[in-house]
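Q: everything below, folded, please.
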Amino acid sequence: MTIIGIDDTDSRDHGMCTTYLATRIATAIENTGSTVDRRLLIRLNPSVEHKTRGNAAIALHTNVDPPTAADISTRLIESFAINDDPQTSPGLVIANNADPDSVIDSVVEFCWKAIREFHTITDAVDIIEQAGYHHQEWDGGRGRIGALAAVGAWAALTEWTAEHIAYREFDRCGTSRDVDETSIFEAARDQYPVVWDTVDREEGEAVCVPSAPGPILYGIRGDDITAIKTVAAEIDSEPIERSSTFITNQGTDIHLRPGTIGSLQDGRAYRVTGTITSDPETRRGGHVFVPLAKMKVNDHTEEAVSKKNTMSADIHRSQTTPTDLDIPGQNTTSTVECVAFEPTKRFRKWVRRLRIGDVITACGEVSDGTLKLEKFAARSLVRTTKRTPICSECNRTMKSAGRNQGYRCRDCGTSSSDQAEKSLDRVLSLKWYEVPPCARRHIAQPLIRGEFDAPVEPER
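A: As a prediction, this is how the structure comes out:
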């Protein structure tokens, strides 16, 4: 089998989409009489500086011969890739006579690091040439990093979801999309929860319709291919030029790694457990900050490793997942500041309800020493607070009797050596909370689709 890896053919400013280019390549391959058995959409580390919004690379698994694969891919990359953006740096990698289930270990490890850490072009080229793969570059070929990671993804990863993408007529790119949102909301309701993040009901937003000036009309994500195609078929819209269904690592939380406060690095995403040390603070712009301090993590506070996989049989796989990569260097700060940014909307209300002493597991990317919250689980909640005692005789609040002398009622003479406890009415429960669909990263797992180690409060 031949594996074609492609990346970095689009632009933040000028649009295009690597999935669209890959779909054109797949169609051209099929027109030769060959088959494309699988189309993979691989989300890589969302912290990478040069990424476009979703940081996706593509792999096509096909029986076409490698020279034909190279000819078709090169012609279409040169025809459709953005070439007037200095940030766009396309790359092509072709693995010939390769079994997607058993590519060499160095490529598997490269994929894992591309999802959770960083690579240089030199890293990619060294492994490509050691493996004997064909590769091409345009404008520096930084895209060879993502392309090689996509080549190794099927052997590296164990959990998959799917996305069906509809593309508009290409000459309409850059114009307003004509999609009937009522039909989207109705179709999304009928197939939820196996189809997720299609809409944000509370914000009234059709999340599946992008705003970027590229060729995507809409993308429907879920755990079942039949269901996502059903949703797509029920959407009323402008003409669809072509469509494609990808198997993907979206919605899996594969970017998260277990972490400990005091050893977190920028540009990585973690699950960390700690104690809230001061009340949440809403700052300019509506962003909510709360500090989380290092604590001893017990086994029962870690997120369950096992997750329910409701995939269709044609995209379900089971392989051994490698252990987390070693993290060189450490940040010894014993507290990390967590933030829920304004675009996370109603998620901030849950963050604002945290109190000093609460224990939570926080998930998100670390940037400039701050953990950007994607979800959190309340593990232990403070249920009482100390208050000045009330006189049992006159029901008035006692006064301090002096330093270390307790409290005394000045009218009745009654006294108390300690403060009284008052029960708190907590809105939060011991469960998982998440950002809404309108703010969710492509790679982050919606609570509705996984088996977590506590009850969940899904957003829809």
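
Q: give the pairing partners of the host helix or strand of residue 42; include direction for each.
A: Element membership for residue 42, per DSSP states H and E: strand 36-43. The strands beside strand 36-43 in its sheet (DSSP bridges) come out as strand 56-62 (antiparallel), strand 240-248 (parallel).

Q: so what touches that strand?
A: Contacts made with strand 36-43 from outside it, assessed by C-beta atoms under 8 Å, 6 or more residues apart in numbering, are listed as 1, 19, 22-23, 26, 29-30, 54-63, 100, 111, 115, 146, 149-150, 153-154, 163, 244-250, 254-255, 442-443. Just so you know, the C-beta spots here come from the backbone N, C-alpha and C atoms, and that holds for glycine as well.

Q: all strands of the stretch 351-460 of the chain, in order?
A: Taking DSSP state E, counting those that start in this stretch to define them, one finds strands in the stretch 351-460 of the chain at 359-367, 370-380, 384-387, 399-400, 407-408, 415-416, 420-423, 432-434, 456-457.

Q: same deal with the stretch 51-200 of the chain?
A: According to DSSP E, counting those that start in this stretch, the strands that the stretch 51-200 of the chain contains are 56-62, 91-95, 134-137, 161-168, 195-196.

Q: what sits up against the shortest one?
A: Outside of strand 195-196, the residues that reach it under the criterion C-beta under 8 Å, 6+ apart are 188, 220-224, 227-228, 231, 251, 437, 446, 448-449, 460.

Q: just the ones of those in helices?
A: In helices, defined here by DSSP state H, the members of those are 188, 227-228, 231.

Q: let me see the domain layout of this structure.
A: According to automatic domain parsing, the chain is divided into the following domains: 2-156, 161-248, 257-383+426-452, 384-423.

Q: could you identify which of the ones you listed is most buried?
A: Mean neighbour count (mean count of other C-beta atoms under 10 Å) peaks for domain 2-156 among these, with a mean of 21.

Q: next, the distance between the ends of that one.
A: 17 Å (C-alpha to C-alpha, to the nearest Å).

Q: give me the distance from it to the chain's centre.
A: Chain-centre distance of domain 2-156: 20 Å, with C-alpha atoms, centre = their mean, to the nearest Å.

Q: now do the helices in the chain.
A: Listed in chain order, the helices found in the chain under DSSP H are 18-30, 66-80, 105-116, 121-131, 144-156, 181-191, 225-233, 347-352.

Q: which other residues reach the longest one?
A: The contact list for helix 66-80 (C-beta under 8 Å, 6+ apart) reads 2, 4, 6, 9, 16, 20-21, 24-25, 28-29, 32, 34, 62, 64, 90, 92, 94, 96, 134, 136, 138.

Q: what do you get if the cut-off is 6 Å, keeping everything else the same?
A: 2, 4, 21, 24-25, 28, 90, 92, 94, 96, 134 (C-beta atoms under 6 Å, 6 or more residues apart in numbering).

Q: what angle sits between that helix and helix 18-30?
A: Calculated by axes from the mean of the first three to the mean of the last three C-alpha atoms, to 10 degrees, helix 66-80 forms an angle of 140 degrees with helix 18-30.

Q: going forward, begin numbering at 835 instead of 1
A: Will do, 835 is the new start, and the previous item becomes helix 900-914.

Q: for the chain, give me the ranges with low pLDDT.
A: Applying pLDDT under 70 to the chain picks out residues 845-849, 884-888, 916, 918-920, 1130-1167.

Q: how about 80 then?
A: Low-confidence regions of the chain, defined by pLDDT under 80, span residues 844-850, 883-888, 915-922, 1129-1167, 1219-1222, 1247, 1254-1255.

Q: name the nearest residue to residue 1003, ignoring sequence neighbours.
A: residue 1075 (4.7 Å; C-beta to C-beta, 6 or more residues apart in numbering).

Q: pretty sure that neighbour sits against residue 1006.
A: No. Residue 1075 lies out of contact with residue 1006 (C-beta atoms under 6 Å); the separation is 8.7 Å.

Q: dig out what the closest residue in space to residue 1256 that isn't next to it in sequence forms beta bridges with.
A: Computed as C-beta to C-beta, 6+ apart, the closest residue to residue 1256 that is not its neighbour in sequence is residue 1221, at 4.8 Å. Bridge pairing for residue 1221 (DSSP bridges) gives the partners residue 1254.

Q: now for the contacts of strand 1029-1030: which two are most distant?
A: Checked with C-beta to C-beta, these reach their widest spread between 1058 and 1271, with 17.9 Å between them.

Q: quick one, strands of the stretch 1035-1184 of the chain?
A: Residue ranges of the strands in the stretch 1035-1184 of the chain, as given by DSSP E, counting those that start in this stretch, are 1050-1056, 1074-1082, 1090-1092, 1103-1110, 1115-1116, 1122-1128, 1169-1174.

Q: can you add distance to residue 1215 and give those back as CSV?
A: As requested, the strands of the stretch 1035-1184 of the chain are arranged in CSV below (distance: least, C-beta to C-beta, whole Å):
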stretch, distance to residue 1215
strand 1050-1056, 33
strand 1074-1082, 36
strand 1090-1092, 23
strand 1103-1110, 10
strand 1115-1116, 19
strand 1122-1128, 14
strand 1169-1174, 16
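
Q: and of those, who's closest to residue 1289?
A: Using C-beta to C-beta as the measure, strand 1103-1110 is the one of the strands of the stretch 1035-1184 of the chain that comes nearest residue 1289, at 17.2 Å.
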